[in-house]
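# 3D model of this:
(one chain, ligands or ions: 1)
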Amino acid sequence: MIEETIFSKIIRKELPSDMLYQDELVTAFRDINPQRPVHVLIVPNRHIPAVDDVTADDEAALGRMFSVARKIAREEGISDDGYRLVVNCGEHGRQEVPHIHMHLLGGEDVGPMLSRKNRDHS
Ligand code: 5GP
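Model (predicted):
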């Protein structure tokens, strides 16, 4: 089992964060380095390193992440214009923190999902 990350300490409130929501399954807090006007991370309270580690036991928490994303999008006033949910996995997915998290991004047009022209991976 991979060691827990900084997200577990945020979930336990041992480290500060701008926390927007917490229940028995998931926690949501603002990203420390926001990429869009609204950038919130929604994470399961249990340490699941990556999508590749998900089991059937995790389905309740993973489903809750979507309903919390919807709730926060409404509270942030971005539901009507829309938003993007992103989950990175592993090296090629450029996942930096090995504790599953959903990025909620919005507040402006977030742009194309992937650049179709620029493949320099910079
Ligand atoms: P990833 O690349 O793993 O999908 O995204 C990790 C995200 O976690 C990044 O957007 C990064 O800014 C955010 N992050 C990393 N460390 C912290 C932290 O200590 N607090 C908060 N709020 N966000 C963090």
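# which ones are touching the residue nearest the centre of the chain?
Residue closest to the mean C-alpha point of the chain, counted by Cα atoms, centre = their mean, is residue 102 at 2.3 Å. The neighbours of residue 102, taking Cβ atoms under 8 Å, 6 or more residues apart in numbering as the test, are 41-43, 65-66, 69, 85-87. In this view, the C-beta of every residue, glycine as well, is placed from N, C-alpha and C.
# neighbouring contacts of the longest strand seen in the chain?
The residue-count maximum for a strand in the chain (DSSP state E) belongs to strand 38-44. Here strand 38-44 makes contact (Cβ under 8 Å, 6+ apart) with 7, 11, 20-21, 25-31, 58, 61-62, 65, 68-69, 72-73, 76, 78, 83, 99-107.
# Tell me which two of the contacts of residue 102 sit farthest apart.
Largest separation among those by Cβ to Cβ: 41 and 66, giving 14.0 Å.
# Would you tell me what the next helix or strand after the longest strand of the chain is?
For strand 38-44, the following helix or strand on the C-terminal side (DSSP states H and E) is helix 59-75.
# Does anything pack onto that next one? Which helices or strands?
Other helices and strands packing on helix 59-75, by 3 or more Cβ pairs under 8 Å, 6 or more residues apart in numbering; DSSP states H and E, are strand 19-22, strand 26-30, strand 38-44, strand 83-86, strand 102-106.
# Buried subset of the contacts of strand 38-44, written for PyMOL?
Selection of the buried residues among those in PyMOL, burial being defined by 16 or more other Cβ atoms under 10 Å:
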select buried, resi 7+11+20+25+26+27+28+29+30+31+58+61+62+65+68+69+72+73+76+78+83+99+100+101+102+103+104+105+106
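# residues from the chain in reach of the ligand?
6, 17, 29, 31-33, 41, 88, 94-97 (Cβ under 6 Å from any ligand atom).
# Now, those residues that are in strands?
29, 41.
# Now the residue nearest to the centre of the chain: closest residue in space, sequence neighbours ignored.
residue 42 (4.4 Å; Cβ to Cβ, 6 or more residues apart in numbering).
# Fine by me, we can end here.
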